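*Asks:* with the input below, show me the fold.
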Amino acid sequence: MLGGLAFSQRTLNIDAASETARIVEALRTQLRGAVRRRGLVLGLSGGIDSSVCAALAARALGPKNVFCLFMPEQDSDPLSLRLGRLVADTFGLDGAVEDIGPTLAAMGCYERRDGFIREMEPHYGPGWSNKIVFANALTTSGFNISSLVVQTPQGEIRKHRLPAHVYLGIVAATNMKQRTRKQFEYYHADRLNYAVIGTPNLLEYDQGFFVKNGDGAADVKPIAHLYKSQVYQLAEYLGVPEEVRRRPPTTDTYSLAQTQEEFYFALPYDRMDLCLYGLNHNIAAAEVAKAVSLTEDEVKLVWNDIAAKRKAARYLHLPPQTVVPL
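*Replies:* Coordinates of the predicted model:
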């Protein structure tokens, strides 16, 4: 019980107006102070987190001091570009399309990825699609087992359990996408004397759901303290288009549609938020289980998975190491 109230989704309710004012003031202070830049650049994906960050940036600095980038590539869902433009238009933001596909192709991103895929599916090539999925902690007694899912040009779905070196190779090649996008963000930030916004929410930041020196790189991260459920509350308050708010969270990284819980999280974001909040605030597993419709043992499996991901995320958060402190 929290303040006499049962633990539930309402526990994560915030005063959206007050929180918006706090973030807006923090962004202004950060840019005037330590960051010393006159505007903000962000990649606008049409997802909820980048859309909320765009709206917050516009409130903090005015639309004319915010520059958006739309960065599709050959595996991107066309909906991402359309919704990104809708958000920019909603808040009066300028921007540019940077098609990163040719850059990725020149670096061998797709070729390297497909080479690893062909170790599992020798005929993989043009017309095929792919994604990586996990049998998560609730279905494997605490183990995250990765599989490759491919679709043939005829529509047949095939699934292969991945050996570690193939999984790592596919992910390493795919991570080029996030790192290339960040290069374009910093190019535009440098030419405009702007700072770069990072868009992770607390769940993603805590659990390492980002690429080191890719989407994890930024100068300011204005929603990293908010659970994703709270980001949705801000989205409604700020006037983020309903179509964006209704869109299910997706990685939009692989050529087959992929949800975040397929690839990373044990549960959909609203239930993950409650499990993470319960762990962070020492709420009994029985109370959390009731709120998320799981058993106590299942909640403990989710908590174990959270702990394991936090351990893996330490490297992602780690700054460069030096021989002596500098």
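*Asks:* thought residue 312 was touching residue 210?
*Replies:* No: with contact defined as C-beta atoms under 8 Å, residue 312 does not count as touching residue 210 (11.9 Å). In short, each C-beta sits where N, CA and C put it, glycine included.
*Asks:* out of these two, which sits in the busier spot?
*Replies:* Counted by other C-beta atoms under 10 Å, residue 312 and residue 210 do not tie: residue 210 has more neighbours, with 20 against 10.
*Asks:* could you identify the helix or strand that succeeds the helix or strand in which residue 85 is found?
*Replies:* For residue 85, the host element (DSSP states H and E) is helix 78-90. As assigned by DSSP H and E, the chain's next helix or strand after helix 78-90 is strand 94-97.
*Asks:* skip ahead from that following strand and say which helix or strand is next.
*Replies:* That would be, after strand 94-97 and using DSSP H and E, helix 101-107.
*Asks:* re the thing from before, name the helices or strands packed onto the helix holding residue 85?
*Replies:* helix 48-61, strand 66-70, strand 94-97, helix 242-246 (3 or more C-beta pairs under 8 Å, 6 or more residues apart in numbering; DSSP states H and E).
*Asks:* neighbouring contacts of the helix or strand of the chain with the lowest mean pLDDT?
*Replies:* Every helix and strand of the chain was ranked by mean pLDDT, DSSP states H and E. The lowest is helix 260-263, at a mean of 77. Applying C-beta atoms under 8 Å, 6 or more residues apart in numbering, the external contacts of helix 260-263 come out as 131-134, 136, 209, 249-251, 267-269, 272.
*Asks:* the longest helix anywhere in the chain packs against which elements?
*Replies:* If you go by DSSP state H, the chain has its longest helix at helix 164-192. Secondary-structure packing of helix 164-192 (3+ C-beta pairs under 8 Å, 6+ apart): strand 40-43, strand 66-70, helix 101-107, helix 109-120, strand 129-135, strand 145-151, strand 195-196.
*Asks:* can you say which of those is packed in most?
*Replies:* Neighbour counts (mean count of other C-beta atoms under 10 Å) averaged over each of those peak at strand 40-43, with a mean of 28.
*Asks:* direction included, what does it pair up with?
*Replies:* With DSSP bridges as the test, strand 40-43 is paired with strand 66-70 (parallel), strand 195-196 (parallel).
*Asks:* residues making contact with it?
*Replies:* Residues outside strand 40-43 that contact it (C-beta under 8 Å, 6+ apart): 27, 31, 50, 53-54, 57, 60-61, 65-71, 181-182, 184-186, 188-189, 192, 194-197, 199, 215, 220.
*Asks:* so for it, mean pLDDT?
*Replies:* In this model, strand 40-43 has an average pLDDT of 98.
*Asks:* format the CA atom coordinates belonging to that strand as CSV.
*Replies:* C-alpha atoms of strand 40-43 as CSV (Å, rounded to 0.1, in the frame of the first residue of the first chain):
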residue,chain,number,x,y,z
LEU,A,40,18.4,21.5,-29.8
VAL,A,41,18.6,18.8,-32.5
LEU,A,42,16.8,15.5,-32.3
GLY,A,43,16.0,12.5,-34.4
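*Asks:* from the chain's centroid, how far away is it?
*Replies:* 15 Å (C-alpha atoms, centre = their mean, to the nearest Å).
*Asks:* and for stretch 56-73?
*Replies:* Distance of stretch 56-73 from the chain centroid (C-alpha atoms, centre = their mean) equals 18 Å.
*Asks:* residue ranges with poor pLDDT in the stretch 101-250 of the chain?
*Replies:* 137, 139-143 (pLDDT under 70).
*Asks:* save the helices and strands packed on helix 78-90 as CSV, and put in distance to residue 104 too.
*Replies:* Converted to CSV, those look like this (distance: least, C-beta to C-beta, whole Å):
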stretch, distance to residue 104
helix 48-61, 20
strand 66-70, 15
strand 94-97, 15
helix 242-246, 25
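*Asks:* out of those, nearest to residue 121?
*Replies:* Within the helices and strands packed on helix 78-90, the stretch nearest residue 121 is strand 66-70; the backing value is 31.6 Å (C-beta to C-beta).
*Asks:* avg pLDDT for that closest one?
*Replies:* For strand 66-70, mean pLDDT rounds to 98.
*Asks:* check stretch 308-323 too.
*Replies:* On average, stretch 308-323 scores 95.
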